[in-house]
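Student: sequence and predicted structure below; questions after.
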Amino acid sequence: MNYLSSISKTVFHTKAWVPAVSSRMSSNCVFCKIVTKETPSNILHEDDQFLVFPDISPAAEHHLLVIPKAHIVDIRSLTSADIPLVQSMEKVGLSVLEKAGGDPSTCLTGFHWPLHLVSHLHLHVISPQVEGWGKKIMFSSCFFGNTHSAVKMLENK
């Protein structure tokens, strides 16, 4: 069962994926606690679907996280039907990056897989480039796939 079919209804507006309100949360997930405001965060953007906030351990001058409000474990739990979700996450992230003074033309967007520290889907938006050798390893192709690669992976599911 894919994520979209697990939500009671899905509404599409101008090709953007918009889930119906979902109560799917994980009580021990730090990102779910940010969504419910149990854990404070510097929220830069909030809408019906997503939150955007800075990464607590930035890899560059601008390092944002875009999360869906509904708890989704990771990119691998999605299917081809969820590609619009990934594309919407990237669009929102790039918009917030630009408003924060970052340059979308020099940024990296994507997901950690197969390993990740937080089991709640989150898109990294990093600009202008990853800094530091440890972060460069974390965001190398061994542990990180860009948004284009994520969409290609989902097309085959």
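Tutor: Yep, it's here.
Student: contacts only, for the residue located most distally from the centre of the chain.
Tutor: Relative to the centre of the chain, and counting by Cα atoms, centre = their mean, the farthest-placed residue is residue 133 at 23.3 Å. The contact partners of residue 133, by Cβ atoms under 8 Å, 6 or more residues apart in numbering, come to none. Using the backbone N, CA and C atoms, a C-beta is placed for each residue, glycine as well.
Student: any idea of the pLDDT on it?
Tutor: Looking at residue 133, its pLDDT is 95.
Student: ramachandran coordinates for it?
Tutor: phi -70, psi -40 (degrees, to the nearest 10).
Student: ok, now residue 127?
Tutor: When read as degrees, to the nearest 10, the backbone of residue 127 gives phi -150, psi 140.
Student: from residue 59, how far out is the residue farthest from the centre of the chain?
Tutor: 11 Å (Cβ to Cβ, to the nearest Å).
Student: just how off-centre is stretch 43-63 within its chain?
Tutor: Using Cα atoms, centre = their mean, to the nearest Å, the mean C-alpha position of stretch 43-63 is found 9 Å from that of the whole chain.
Student: nope, stretch 130-147 is what I meant
Tutor: That offset, for stretch 130-147, works out to 16 Å (Cα atoms, centre = their mean).
Student: hey, C-alpha coordinates of that stretch in CSV?
Tutor: In CSV, the C-alpha atoms belonging to stretch 130-147 read as follows (Å, rounded to 0.1, in the frame of the first residue of the first chain):
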residue,chain,number,x,y,z
VAL,A,130,28.4,21.4,1.4
GLU,A,131,31.3,22.5,3.7
GLY,A,132,33.6,20.3,5.8
TRP,A,133,35.0,16.8,5.1
GLY,A,134,32.6,15.0,7.4
LYS,A,135,29.5,16.7,5.9
LYS,A,136,30.9,16.0,2.4
ILE,A,137,30.9,12.3,3.2
MET,A,138,27.4,12.5,4.7
PHE,A,139,26.1,14.2,1.5
SER,A,140,28.1,12.1,-0.9
SER,A,141,26.3,9.8,-3.4
CYS,A,142,27.0,6.9,-1.0
PHE,A,143,24.6,8.2,1.6
PHE,A,144,22.5,10.9,-0.2
GLY,A,145,20.5,11.0,-3.4
ASN,A,146,19.5,14.3,-5.1
THR,A,147,15.8,15.0,-5.8
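Student: can you give me the buried ones in the helix ranked longest in the chain?
Tutor: What stands out as the longest helix in the chain, according to DSSP state H, is helix 83-99. Buried residues in helix 83-99, defined by neighbour count with 16 or more other Cβ atoms under 10 Å: 83-90, 92-94, 96-97.
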